[in-house]
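# Okay, sequence plus prediction incoming.
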Amino acid sequence: MRWALVKVCLAVTAMVVIAFAVPLGLVIREMASDRAFSDAERQAAMIAPTLSITTDREKLTRAVLSTEPGDRGRLAVHVPAEGAPLDIGTRRATAKDVATVRKAGRASITEVTDGFALLQPTALGTGDIAVVEVFVPEREVSHGVATAWLTLAGVGVALIVGSVAVADRLGIRMVQPAQRLAGAAQDLGEGRLGTRVPEDGPTELRSAAVAFNSMADQVVQLLANERELAADLSHRLRTPLTVLRLNAASLGEGPAAEQTRAAVQQLEHEVDTIIRTAREQRPQPQNGQAGAGCDASEVIRERMGFWSALAEDEGREVRLAGVDRTTRIPVARPELAAALDALLGNVFRHTPEGTAFSVDVHHSGDAVIVLVSDAGPGILDPKAALARGASGRDAASGSVGSTGLGLDIVRRVAESTGGDLRIGRSVLGGTEVRIWIGLHGSRPERGRRGHGRRVGRRTGWQRRREPRSTAAPGPQH
């Protein structure tokens, strides 16, 4: 936009300069010519009084030489006489041109070698017509024209340069607010809700900045209202949870009773976490800022410890790998825990008892990959399973109890770091959910993710558990 404005201004200024400079240069040229011939007429009139008194050669010769043009050889007098005409001075015009002027009785300008000759008719005392010839060199006809053209060219260039400079400043004044507005819109789209635009610049861009800031404030307010609504809805669960906790306390002793009480306690903890998270309204961590994430290995070990007890009761073989070292990721601890619980909960809800599953953590230079695999029937339509509010299992089997939001929660956690979520076929024969978590807040290059679905080599346990059947996977969510 800035350079377009400069180009337009340059073209307009150039046309204006040409439209005025060229005619003005031509006028100056005509003025120089008129000035030269006016001087020649004045010089021709200087000899007229002498011609009206005498036609004597000696007197006319002295009179011609006494003038400046005559002394420089630029003045000649042609007097008619009986026999041969009387010519005094240096003659340049032809006899025919002289005779024509004498006969017409009007002054004339004729072109001669190296210039022009002014032929001025003058009446003699005898009634005859003499012709005074004044030579005007070419350089006097165009005297000062080159300087005038150079001056006009300099003025034109100065006008063009000045107009370009002014247009550039105006372009900056218009483009910078537009660029700030575009950058702010991109930042807001990436989740930086505190982005605002300075309300300056031209009137239209200032109005756009005011509208953008108002829109951003409304988005923040809407999100705050949504968080409050989530907190209020979560708070309504406290009453039934209290009743459930009291009933669980009366179950007595035993493994089942202890597991029920532990589940109720965990549920209360999750509800409290939801309420606190919804009302904290803290900005999302960006670019992997220190202190904004958690240790993925620690969180995975903790959640696997919780689900392993239930897996033992159902006879499921569990494998955990890659969590033997600290792995900092730019994801809040509650968010990662919720994502893992959603995936592991899907395994328990949508696979038969006794189905093995595993959680593997792989470390890359710019990302951490978490793989949740199972030996179940698999997902019939992975694309539909990733759609928010849709359940791949419900569509296939008509079962109820699934909101279709679990995988969406996991996907949002991955995308908040610049990563993504993918579903594929696991080496165990069932579903493999891969969470790609970026460590620097930017999406890793596609080429670095490999062409295969699995990262790392298969372990012996995985090869033993991999089924030989290649039948199409069944529904799972």
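Cool, the structure landed.
# Using CSV, write down the CA coordinates of stretch 101-114.
Extracted in CSV, the C-alpha atoms of stretch 101-114 (Å, rounded to 0.1, in the frame of the first residue of the first chain):
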residue,chain,number,x,y,z
VAL,A,101,11.4,43.1,-49.4
ARG,A,102,11.9,46.3,-51.4
LYS,A,103,9.0,45.5,-53.6
ALA,A,104,6.7,44.4,-50.7
GLY,A,105,7.7,47.3,-48.4
ARG,A,106,7.5,45.0,-45.3
ALA,A,107,10.3,43.7,-43.0
SER,A,108,11.2,40.1,-43.4
ILE,A,109,13.4,37.5,-41.7
THR,A,110,15.4,35.1,-43.9
GLU,A,111,17.6,32.3,-42.9
VAL,A,112,21.2,32.6,-43.8
THR,A,113,24.5,30.8,-42.9
ASP,A,114,25.0,30.6,-39.1
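# Which residues outside that stretch are in contact with it?
Stretch 101-114 is contacted by residues 37, 41, 78, 80, 92-94, 97, 100, 116-121, 129-131, 135, 137-138 when judged by CB atoms under 8 Å, 6 or more residues apart in numbering. Quick note: C-beta positions are derived from backbone N, CA and C, even for glycine.
# Would you mind giving me the ChimeraX syntax to select the buried ones in those residues?
Those of the contacts of stretch 101-114 that count as buried under 16 or more other CB atoms under 10 Å are selected in ChimeraX with:
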select :37,78,80,92,93,97,100,116,117,118,119,120,121,129,130,131,135
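# Show me the contacts of stretch 101-114 that map onto strands.
Using DSSP state E, 78, 116-121, 129-131, 135, 137 are the members of these that sit in strands.
# Reformat the residues you listed as TSV; add pLDDT.
Compiled in TSV, the ones in strands among the contacts of stretch 101-114 are given as follows (pLDDT from 0 to 100):
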residue	pLDDT
78	84
116	89
117	87
118	85
119	88
120	85
121	89
129	85
130	86
131	86
135	88
137	86
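# So in terms of bridging, what pairs with the nearest residue to residue 85 once chain neighbours are set aside?
In space, and not counting its chain neighbours, residue 85 is closest to residue 78: 6.1 Å by CB to CB, 6 or more residues apart in numbering. As for beta bridges, residue 78 partners with residue 87, residue 131 under DSSP bridges.
# I'd guessed residue 78 sits against residue 100; true?
No - in this structure, residue 78 is not within contact of residue 100 by CB atoms under 8 Å, at 11.9 Å.
# Residue 297 is in contact with residue 324, correct?
Yes - Residue 324 is within contact range of residue 297, at 7.3 Å (criterion: CB under 8 Å).
# Look at residue 158 and give its secondary structure.
Secondary structure for residue 158, judged by DSSP: H, G, I helix; E, B strand; the rest coil, is helix.
# in terms of contact, does residue 438 touch residue 416 like I think?
No - applying CB under 8 Å, one finds residue 438 not in contact with residue 416, separated by 9.1 Å.
# overlap in contacts of those two?
Counting by CB under 8 Å, 6+ apart, the common neighbours of residue 438 and residue 416 are residue 330.
# who's more crowded, those two?
With other CB atoms under 10 Å as the criterion, residue 438 and residue 416 differ in neighbour count, and residue 438 comes out ahead with 24 against 19.
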